[in-house]
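In: Requesting a structural model of the entry that follows:
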Amino acid sequence: MLVLGLAAWKWTPVTTWVLGGLLLLLAADWTWSAVDPSGWSELFRSSPCLGLAMLAVILPIAVLGLRRPAVAGAMLVGSALISYAAFLSTIWGDTLAISSSLMTSRTVTIVPTLVIGALYLIGAALDHWGGQTVPATPAPDTPAAEIPEPTDKATSAR
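Out: Below you'll find the predicted structure:
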């Protein structure tokens, strides 16, 4: 997890593909456990293996989000939604299990993952569409000639 986090910081393009591949492996595992829950029930019902595996992949993706927020946000939101959908499909129809589904190790990792991914996506959207920069409010006694005009990020970068 630490190695992937450092790689996400130093070698962002390569690590993006590696973390995407690991996320696909986790998604395949979640799908398999949803399709055939009896095969996985002995191992995963009594241990937090999937929750810990998700945490081991999600933390480096969160580090990746410091460099590439749109990609990391999409990965985080997608992994949270796929994981919870697969989990709900394994317990569908059992009212007691559905009501206690918010008290599992997988859910403990899903909720923060969903929130952080949504924040990364909002930040990336604001960075992409927020072209106007607003200057600080001038002091009340500043003459009108000294008040700076708002600048556009696209024209100020040229």
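In: Quick one: list the elements packing against the helix or strand where residue 85 lies.
Out: Using DSSP states H and E, residue 85 sits within helix 69-91. In terms of contacts (3 or more CB pairs under 8 Å, 6 or more residues apart in numbering; DSSP states H and E), helix 69-91 is packed against helix 12-35, helix 49-64, helix 95-99, helix 105-129. (Each C-beta comes from the backbone N, C-alpha and C, glycine too.)
In: out of those, which comes closest to residue 3?
Out: The closest of the helices and strands packed on helix 69-91 to residue 3 is helix 49-64. By CB to CB, the value is 8.5 Å.
In: which stretch among the helices and strands packed on helix 69-91 comes nearest residue 6?
Out: Closest to residue 6 of the helices and strands packed on helix 69-91, according to CB to CB: helix 49-64, at 8.1 Å.
In: May I have the closest one as CSV, with CA atoms only?
Out: What follows is helix 49-64, C-alpha atoms only, in CSV (Å, rounded to 0.1, in the frame of the first residue of the first chain):
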residue,chain,number,x,y,z
CYS,A,49,-10.8,-9.7,3.5
LEU,A,50,-12.7,-7.7,0.8
GLY,A,51,-12.9,-4.6,3.0
LEU,A,52,-9.1,-4.7,3.6
ALA,A,53,-8.4,-5.4,0.0
MET,A,54,-10.5,-2.4,-1.0
LEU,A,55,-8.7,-0.2,1.6
ALA,A,56,-5.3,-1.3,0.3
VAL,A,57,-6.3,-0.1,-3.2
ILE,A,58,-8.4,2.9,-2.3
LEU,A,59,-5.6,4.7,-0.3
PRO,A,60,-3.1,4.8,-3.2
ILE,A,61,-6.0,6.0,-5.4
ALA,A,62,-6.6,8.8,-2.9
VAL,A,63,-2.9,9.8,-3.2
LEU,A,64,-3.3,9.6,-7.0
